[in-house]
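In: I'll drop the sequence and a predicted model, then ask my questions.
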Amino acid sequence: MHILIVYAHQEENSFSCALKDMAVSVLDSQGHSVEISDLYAQHFNPVASREDFTTLSDTRYINYMLEQRTAAEHGFFTWDIRAEQEKVLRADLIMFHFPIWWFSAPAILKGWFDRIFATGVTWNFGSIYDSGLLKGKKAMLVVTTGGGEDLYLERGAHKATVHQILHPILHGTLRFCGMDVLPPFVAYGIFQAGEDGREKYLEAFRARLTSVETTPPMEFSSLCR
C-alpha cells in the first residue's frame, strides 16, 4: 500500500511524534511506501479564502464550495492545495496523527480538511458516503489525549466517548468522502502515563500497524459509541 501520514503537532518531542515515527518505521519495514504531510513543519496555511484559486468564476461573491468544484474541473487550485490533493489521491490509506484539543482536532488540521478535501476532488453534490470520490481508500485516526480514559465515558466527566467526540471527523468527513474508516488508535492520559505507560501504548500501536491491511472498517449506525 501507499500510505499518507498527515501529522498535526507542533512539538517534535511529543508522543504524537513518537507514534508517527513508529508508523513510518513499521510500515516501511512491511514493504509499504510512506509519504508524510507535517503540517506545522510545512507552515501549512489553514485559512480558506479566495486566494486558494488562481482564477475565480465569480469575483463579486465567493461561494467557496462552488469555486472548489470549478477549480477541480479546470485546474484553478493554487500549488500548495494541488500538492496535498495529489498526496491524497495517491494514497491507499491516510493516517491522521494529532492530539485531541477542545473535543476536536487542532485548527491546522481542520483547515487542511477545509482546503484539501474539496468539492469535486474528495466529494461532490450527489457523491457522498458510499459514492464519495475517495471510495476504495482507507483512513485511520491516531490520537492522544491529556485526560485519562475514565473521562471519555458516557457517564464520565466529558459525557462522551472518544468515538462520539471524533464522530464529525470519522463519519462527517472521512466516511462522508467515501473512505473505509478503521477504528482509531487512542493513547489516553499521556501526561500521566509515565515511561512504562507510553511504552505500552507504543507496543499496542505496533501491533495495530501489523494488521492494518486486514482490520475491518467501522460500522456507523447512529452516533459512534
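Out: Structure's in. What do you need?
In: Could you tell me the phi and psi values at the most centrally placed residue in the chain?
Out: Residue closest to the mean C-alpha point of the chain, counted by CA atoms, centre = their mean, is Phe96 at 3.7 Å. When read as degrees, to the nearest 10, the backbone of Phe96 gives phi -110, psi 120.
In: ditto for the one 5 residues further on
Out: As for Trp101, its main-chain torsions (degrees, to the nearest 10) stand at phi -120, psi 130.
In: residues contacting Phe98?
Out: For Phe98, the contacting residues are Tyr7, Ala8, His9, Ser16, Ala105, Pro106, Leu109, Leu141, Val142, Val143, Thr144, by CB atoms under 8 Å, 6 or more residues apart in numbering. The way it works is simple: take the backbone N, C-alpha and C, and place the C-beta from them, glycine included.
In: how close does the fourth one sit to Thr173?
Out: Read it as Ser16. Distance of Ser16 to Thr173, computed by CB to CB, to the nearest Å: 19 Å.
In: where does this protein have low pLDDT?
Out: 148-149, 156, 158-159, 222-225 (pLDDT under 70).
In: Show me the strands paired with the host helix or strand of His97, marking each as parallel or antiparallel.
Out: Using DSSP states H and E, His97 sits within strand 93-99. Sheet pairing of strand 93-99 (DSSP bridges) gives strand 2-7 (parallel), strand 138-144 (parallel).
In: Could you export those as TSV, including mean neighbour count?
Out: Rendered in TSV, the data for the strands paired with strand 93-99 read as follows (neighbours: other CB atoms under 10 Å):
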stretch	mean neighbour count
strand 2-7	22
strand 138-144	23
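In: For the ones you listed, give me TSV that also has distance to Ala160.
Out: Shown next, in TSV, are the strands paired with strand 93-99 (distance: least, CB to CB, whole Å):
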stretch	distance to Ala160
strand 2-7	24
strand 138-144	14
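In: closest to Thr122 out of those strands?
Out: strand 138-144 (10.9 Å; CB to CB).
In: outside of that closest one, which residues touch it?
Out: With CB under 8 Å, 6+ apart as the contact definition, strand 138-144 has outside contacts at 14-16, 19-20, 23, 92-100, 162, 166, 169-170, 174, 179-188, 190, 205, 212, 217.
In: And the helices in the chain?
Out: 15-29, 64-74, 79-90, 107-116, 162-165, 167-169, 190-210 (DSSP state H).
In: Please name every helix or strand in contact with the shortest one.
Out: Going back to what we said before, that points to helix 167-169. Packing contacts for helix 167-169, counted by 3 or more CB pairs under 8 Å, 6 or more residues apart in numbering; DSSP states H and E, involve no helix or strand.
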